[in-house]
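A.B. asks: sequence and predicted structure below; questions after.
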Protein chains: 2
Amino acid sequence: MSAAALLPDRQPAHLTETACERSTLWQGHFLRLQRDCVRLPDGRQAWREYLHHPGAVMVIPCLDDGRLVVERQYRYPVQQAMIEFPAGKRDAGESAIVCAVRELREETGYTAREWARAGVLHPAIGYADECIEIWFARGLQAGPRALDDGEHLDVLVVDAEALLAAVRDGVVTDGKTLAGLLWWQRVSTGAWPLQWRTTDAWLGDDARSANMPAGAVVGAMGDRGGLADGLALPEACAGRVPATSGAGAGT
Amino acid sequence: MSAAALLPDRQPAHLTETACERSTLWQGHFLRLQRDCVRLPDGRQAWREYLHHPGAVMVIPCLDDGRLVVERQYRYPVQQAMIEFPAGKRDAGESAIVCAVRELREETGYTAREWARAGVLHPAIGYADECIEIWFARGLQAGPRALDDGEHLDVLVVDAEALLAAVRDGVVTDGKTLAGLLWWQRVSTGAWPLQWRTTDAWLGDDARSANMPAGAVVGAMGDRGGLADGLALPEACAGRVPATSGAGAGT
């Protein structure tokens, strides 16, 4: 079976569930718990409980000497400190590249000369609509951090092979970081080439698209969309348009 | 920095948050929404909202000809059909291997001659305590499926390289599946050897440990623990003991 044959249609009639009723069970600080009634492909009804999440960005920061920048942070839900690539939630109306530049600088102090968008990742498809855009950063320069109030984390520089060994040994178990390492491994061997652009080029395109009508932004940043200058880019999470339906990527 | 230096202590004093108050906001069908007050390392207080999840198992089913078995399933939270490795939630009191054998058979119809435990994965450390054990299965034999009531999914057999190409193209974006492909890639090249045992050997050990006191089970299946016959095994998610604190892996 070929890659394209795996998923010829993202809404196949024999699998797709459609909402018949939506309700918000709880609205938290940044998460919203939903309970929707859905119609199953066989016509029956069922309930789906899930979290609505504003979306996030993960950065794979590559130093010129080949080492990677990671963070050590306590994650209360899993009751332990975790090693992970820098990542953060998108602010309301914030594009992925603006979020990526901001989170990398705030959390690690690094700024990057060039960025490349790799792909997207859905971390918990059973109970959350979160979509994480995966970005690579290079041409890194260290600078001062600007952590959020109450945020505590260590910044570490590590050989990629040591990071992989730590996955093997059960030390690194964060899902998005493992997915990022799959991408890093394919990119670093040249198997999956990236389209690198300067930070200014990305931010310039972003500022231009922000002035376009919402519909045009969806068209430009949607499924397999391109940028203003005609570059073809990997699939993106939904852009600035609020994800009212809880949809993740593209279509 | 070496792999061991990344995380010498999973409860480092300068990062660890401790609960000062716990409350359940909502108890769903299989998820529980928690809101805990925590004391930060700097002595201040903050709130943490997260889902308690019973834990899950993901299976990477490897056919004798090298191809992999995956599923195509509609995932309502992300509003699209997704390609993913077989996975499922652990029933109350169910061990990971029993869950793995059950989910593979129920969802795909396959039974496996041999199994190997690879490691664990925390899919959404920002807002869920879910821990997924990653298991490899080989010596596969096709048989009848036994889907849960209301469960609809397609079973597909795919070349690993086509599955990887589908990640590159944005067709496969499920986080646990990407993490599974990192494991598959390292295992298939021989970089990360696995300890294969027959299904009967795993289930026999499991039955023996079920008859041990709860404390002994934690000791045997906890951080870097071994089985009754002395095999050293990768880190496991918490065993049969209910995870009252929402803790994930081992220590």
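C.D. replies: Structure's in. What do you need?
A.B. asks: going forward, measure contacts and count neighbours with C-alpha atoms only.
C.D. replies: Fine.
A.B. asks: quick one: contacts for the residue nearest the centre of chain A?
C.D. replies: The centroid of chain A falls nearest to residue A:132 when counting by CA atoms, centre = their mean (1.7 Å). Counting by CA atoms under 8 Å, 6 or more residues apart in numbering or on different chains, residue A:132 makes contact with A:55, A:56, A:57, A:58, A:120, A:121, A:122, A:123, A:237.
A.B. asks: the strands in the stretch 1-150 of chain A, which residues?
C.D. replies: Taking DSSP state E, counting those that start in this stretch to define them, one finds strands in the stretch 1-150 of chain A at A:18-27, A:32-39, A:45-52, A:56-61, A:68-75, A:80-84, A:87-89, A:111-121, A:132-141.
A.B. asks: ranges for the helices of chain A?
C.D. replies: Taking DSSP state H as the test, the helices found in chain A are A:3-6, A:96-108, A:160-168, A:175-188, A:199-210, A:214-221.
A.B. asks: could I have the longest one exported to PDB, CA atoms only?
C.D. replies: What follows is the C-alpha trace of helix A:175-188 in PDB, where atoms were taken according to Å, rounded to 0.1, in the frame of the first residue of the first chain:
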ATOM      1  CA  GLY A 175       5.500  12.000  23.100                       C
ATOM      2  CA  LYS A 176       6.100  15.300  21.100                       C
ATOM      3  CA  THR A 177       9.800  15.000  21.700                       C
ATOM      4  CA  LEU A 178       9.900  11.500  20.400                       C
ATOM      5  CA  ALA A 179       7.900  12.600  17.300                       C
ATOM      6  CA  GLY A 180      10.400  15.500  16.900                       C
ATOM      7  CA  LEU A 181      13.300  13.100  17.100                       C
ATOM      8  CA  LEU A 182      11.800  11.000  14.300                       C
ATOM      9  CA  TRP A 183      11.700  14.200  12.200                       C
ATOM     10  CA  TRP A 184      15.200  15.200  13.300                       C
ATOM     11  CA  GLN A 185      16.600  11.800  12.300                       C
ATOM     12  CA  ARG A 186      15.000  11.900   8.800                       C
ATOM     13  CA  VAL A 187      16.000  15.500   8.300                       C
ATOM     14  CA  SER A 188      19.600  15.100   9.500                       C
END
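A.B. asks: next, the angle strand B:132-141 makes with it.
C.D. replies: 60 degrees (axes from the mean of the first three to the mean of the last three CA atoms, to 10 degrees).
A.B. asks: contacts for helix A:175-188, please.
C.D. replies: Residues outside helix A:175-188 that contact it (CA under 8 Å, 6+ apart): A:58, A:60, A:84-85, A:118, A:121, A:123, A:134, A:164, A:167, A:172, A:192-194, B:121-124, B:175-176, B:178-179, B:181-182.
A.B. asks: check the second one too.
C.D. replies: Residues outside helix A:96-108 that contact it (CA under 8 Å, 6+ apart): A:56-59, A:71, A:86-91, A:110-112, A:133, A:135, A:143-148, A:153, A:155, A:202-203, A:206, A:239.
A.B. asks: for chain B, tell me which of these show up nearby.
C.D. replies: residue A:153 (CA under 8 Å from any CA of the partner chain).
A.B. asks: returning to that earlier point: most neighbours out of the contacts of residue A:132, which is it?
C.D. replies: Most neighbours among these, by other CA atoms under 10 Å in any protein chain shown: residue A:121, with 32 neighbours.
A.B. asks: which residues does residue A:64 contact?
C.D. replies: A:138, A:139, A:140 are the contacts of residue A:64 under CA under 8 Å, 6+ apart.
A.B. asks: how about the residues of the stretch 151-251 of chain A by chain B?
C.D. replies: Counting by CA under 8 Å from any CA, the stretch 151-251 of chain A comes close to chain B at A:152-153, A:156-159, A:162-163, A:165-166, A:168-171, A:173-176, A:178-179, A:181-182, A:192, A:234-235, A:246-249.
A.B. asks: how about a cut-off of 7 Å?
C.D. replies: A:152-153, A:157-159, A:162-163, A:165-166, A:168-171, A:173-176, A:178-179, A:182, A:192, A:234-235, A:246-248 (CA under 7 Å from any CA of the partner chain).
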